[in-house]
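Trainee: Here you go, sequence then predicted model.
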Amino acid sequence: MAHLTSHHTLPPFPEDLRTAPLVSVSFAKLEANHNESSSDFFQACKELGFFYLDFVGSKLGETIISEAEELNKVQKEFFALPNEVKDVYGRPHLHPFYAYRYTETEGKDENGAPLRNANYNLRKDDILGQCERLACHPLILEHQDLFERYIRHCRAAVDVLLEHLNTHLQLPPGTLANLHRIHERSGDHVRFTQNHPGAFSEDRARSAEHTDFGSLTILFNWLGGLQVRLPVTDEWVYVKPIPGSCIVNLGDAMVKFTAGILRSNIHRVVPAPSTQAHLTRNSLVFFTRPEDKVVLKRLKGGIIDDQPQSEIPEPEMTSHEWIMGKGTGRLPGVFTSKGFEGKARNPEPPVPVPVSIPA
């Protein structure tokens, strides 16, 4: 395992911390349609909405691990660029969402400039040549082949997960897959993330609480810092990084499609714990989202039809409108199966955001 990932080069995650009870699901067994593993996967999607996807023993899975390790090196190189260089590719002037974004921290770099916690969103359609490409740094173009392979391989893994969900939901064959076709425009993207060491702040942590906008998220963490809110107790607990496994969580779209059968759990990122707290934290995320023109609403068929119908009509938005609304702060609050939990617990329903859909 030490040769498969770089976790062994970092201080170990502290053993005395309470951690999230994530189920570990073998991707190799899902590929082989192992019934018990498939049932464990579906149960995790309903109960916590987070699970470990163990890629060890799968050719595709171990390829994804290797590519994630390479992309982690690329993102560190990108974040080490001068700020004025990165700012060229920033939001909102480049794009309101698919761009570089940062917040300044209390720390200073060697030149006395404020350190930045930052992320950089690189959309799937740019990398696969399915739209007019946004400007990007030459470093990204130098690794075009790596990005493309990683996206295609992550999507192949996601397709396996979608097929198992489709079966358990008893939907007509291909229902979920046909909402997530890789060759169609969508909000799928790779995200680089970097956070510098800093003291824990409850206010900052609270402001970072969120659910993911889309369908399925593949996350590689090398250090701790990710926390999930346990559904029953509302307790915040760390998610321990596991070498050879990514962390998968479900997003808002799966809650909407299944009328609340599946769970999009609230989570946040805080400073790495104790033994790792002095290190800069990077994570690599791949977001899978429904095609831009898909309307986020309850699907028909299977066990979804057994779910109670709400008497209050819910505003319908396309996936693109939902992503742009939530990604740019125009849809405030955290979305759960109960609807929106506003930042100030605002009970007002969200208003559709008039965002044009790309052709």
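Mentor: Nice, I can see it.

Trainee: mind listing the helices for the protein?
Mentor: Applying DSSP state H to the chain gives helices spanning 27-31, 35-47, 59-79, 83-86, 124-127, 138-142, 144-168, 202-207, 252-257, 319-327.

Trainee: any chance of those helices in JSON lines, plus mean pLDDT?
Mentor: Shown next, in JSON lines, are these (pLDDT from 0 to 100):
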{"stretch": "helix 27-31", "mean pLDDT": "98"}
{"stretch": "helix 35-47", "mean pLDDT": "98"}
{"stretch": "helix 59-79", "mean pLDDT": "98"}
{"stretch": "helix 83-86", "mean pLDDT": "95"}
{"stretch": "helix 124-127", "mean pLDDT": "98"}
{"stretch": "helix 138-142", "mean pLDDT": "98"}
{"stretch": "helix 144-168", "mean pLDDT": "98"}
{"stretch": "helix 202-207", "mean pLDDT": "89"}
{"stretch": "helix 252-257", "mean pLDDT": "96"}
{"stretch": "helix 319-327", "mean pLDDT": "93"}
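
Trainee: between those, which one is nearest to N178?
Mentor: Ranking those by their distance to N178 (criterion: C-beta to C-beta) puts helix 144-168 first, at 9.8 Å. For glycine as for every other residue, the C-beta is placed from the backbone atoms N, C-alpha and C.

Trainee: which helices and strands does that closest one pack with?
Mentor: Packing partners of helix 144-168 (3 or more C-beta pairs under 8 Å, 6 or more residues apart in numbering; DSSP states H and E): helix 27-31, helix 35-47, helix 59-79, helix 124-127, strand 189-195, strand 216-221, strand 281-288.

Trainee: Show residues contacting it.
Mentor: 27, 30-31, 38-39, 41-42, 45, 53, 60-61, 63-64, 67-68, 70-71, 74, 122, 124, 127-128, 140, 173-177, 180, 182, 188, 190, 215-216, 218, 248, 254, 262, 286, 288 (C-beta atoms under 8 Å, 6 or more residues apart in numbering).

Trainee: Show the buried residues in the residues you listed.
Mentor: Buried members of those, scored by 16 or more other C-beta atoms under 10 Å, are 27, 30-31, 38, 41-42, 45, 53, 60-61, 63-64, 67-68, 71, 74, 122, 124, 127-128, 140, 175-176, 180, 182, 188, 190, 215-216, 218, 248, 254, 262, 286, 288.

Trainee: who are the neighbours in contact with I182?
Mentor: Contacts of I182 (C-beta under 8 Å, 6+ apart): 124, 128, 152, 155, 188.

Trainee: Show me the two of the residues you listed that sit farthest apart.
Mentor: Farthest pair in the contacts of I182, by C-beta to C-beta: R152 and D188, 10.9 Å.

Trainee: what's the burial count for N282?
Mentor: Counted with other C-beta atoms under 10 Å, the neighbours of N282 add up to 19.

Trainee: right, and it touches F192 too?
Mentor: Yes: contact criterion C-beta atoms under 8 Å: N282 and F192 qualify, at 7.5 Å.

Trainee: Poorly predicted segments of this structure, please.
Mentor: 1-2, 333, 335-359 (pLDDT under 70).

Trainee: Show me the residue sitting in the middle of it in space.
Mentor: T217 (3.6 Å; C-alpha atoms, centre = their mean).

Trainee: Identify the residues contacting it.
Mentor: Counting by C-beta under 8 Å, 6+ apart, T217 has contacts 248-251, 285-288.

Trainee: quick one: which of the residues you listed is nearest D306?
Mentor: For those, the nearest to D306 is L250 (19.6 Å; C-beta to C-beta).

Trainee: what do N282 and F192 both touch?
Mentor: 75, 79.

Trainee: picking that back up, ok, which of the helices and strands packed on helix 144-168 comes nearest R133?
Mentor: Closest among these, once you apply C-beta to C-beta, is helix 124-127, at 4.6 Å.

Trainee: Which secondary structure elements does the closest one sit against?
Mentor: Counting by 3+ C-beta pairs under 8 Å, 6+ apart, helix 124-127 packs on helix 144-168, strand 189-195.

Trainee: C-alpha coordinates for it, PDB please?
Mentor: Taking Å, rounded to 0.1, in the frame of the first residue of the first chain, the C-alpha atoms of helix 124-127 are listed here in PDB:
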ATOM      1  CA  LYS A 124     -15.300  18.200 -17.600                       C
ATOM      2  CA  ASP A 125     -16.600  19.700 -20.800                       C
ATOM      3  CA  ASP A 126     -13.500  22.000 -21.200                       C
ATOM      4  CA  ILE A 127     -11.100  19.000 -20.700                       C
END
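
Trainee: Sounds good, over and out.
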